[in-house]
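> sequence unknown, structure follows:
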């Protein structure tokens, strides 16, 4: 009799000893037949990534995915109404995508890439807010509905966005002089040519936004802009030449 059951209960169970837990049988005395016990989730796979990723990488990928869901939900519910915090959230969401990509592709993390991404994505998020505020001012409206900004914030947002974009170029310049570059590139000095390309692209994005011609999300704009493709192609060319494999 199992400890804790009252005498005279309608169903008595006897557990066989001497066997592993997953091989034990339970006998239902009321029905007179053995019944096998099993763990609740035995045989059930909710999401198995271990076929493609190692344990730590799968954990990191799921952690990034969970953080992305939490931040996206928070942004949609409340954060998008908070000035400045909203653009930091947007920059963080783009950066988390890179973290998840690192985990999924098994590419080692790069501090420089993450630092560069945070600044450039923050600049692009501020471009989006700048465009909204410029439209607001052109319509002679003061408050932005559902946002924490006013038309008076236009110049400040532009200043913060341009500074953030130029800081991303500074990170690139510092990366050229880092120890990692020596092991990856034979002609690391050539990488400095990427800096004027990035400076041009960031400046051009903000010039177009200042003229009121940024009608899309900055990422969407870059995917449609021929000059962005040219800058990207030249950047890849410089990276290839810096490797010395030609």
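Thanks, I have it. Source: prediction; values computed, not measured.

> any idea where the strands of the protein begin and end?
13-15, 25-28, 33-36 (DSSP state E).

> what about the shortest one, average pLDDT?
So the one you mean is strand 13-15. Mean pLDDT, strand 13-15: 42.

> same thing with stretch 160-172?
The pLDDT scores in stretch 160-172 average 97.

> What lies in contact with it?
112, 115-116, 119-120, 122-123, 126-127, 129-130, 191, 194-195, 198-199, 202-203, 205-206 (C-beta atoms under 8 Å, 6 or more residues apart in numbering). (Each C-beta comes from the backbone N, C-alpha and C, glycine too.)

> Make a ChimeraX selection of the buried ones in the residues you listed.
Under the burial definition 16 or more other C-beta atoms under 10 Å, those of these that qualify are selected in ChimeraX by:
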select :112,115,116,119,120,122,123,126,127,129,130,191,194,195,198,202,205,206
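
> how far away is the residue positioned nearest the centre of the chain from residue 90?
Centroid-nearest residue in the chain, with C-alpha atoms, centre = their mean: residue 96, separated by 1.9 Å. From residue 96 across to residue 90, the span is 11 Å (C-beta to C-beta, to the nearest Å).

> For residue 53, give me the pLDDT.
Value for residue 53, per-residue pLDDT: 54.

> how many other residues sit next to residue 175?
20 (other C-beta atoms under 10 Å).

> what's the answer for residue 204, then?
14.

> what's the closest non-adjacent residue to it?
residue 227 (6.4 Å; C-beta to C-beta, 6 or more residues apart in numbering).

> ok, back up a step: the residue lying closest to the residue nearest to the centre of the chain once chain neighbours are set aside: neighbouring residues, count only.
Spatial nearest neighbour of residue 96, excluding adjacent residues (C-beta to C-beta, 6+ apart): residue 68 at 4.9 Å. Around residue 68 there are 16 other residues, counting by other C-beta under 10 Å.
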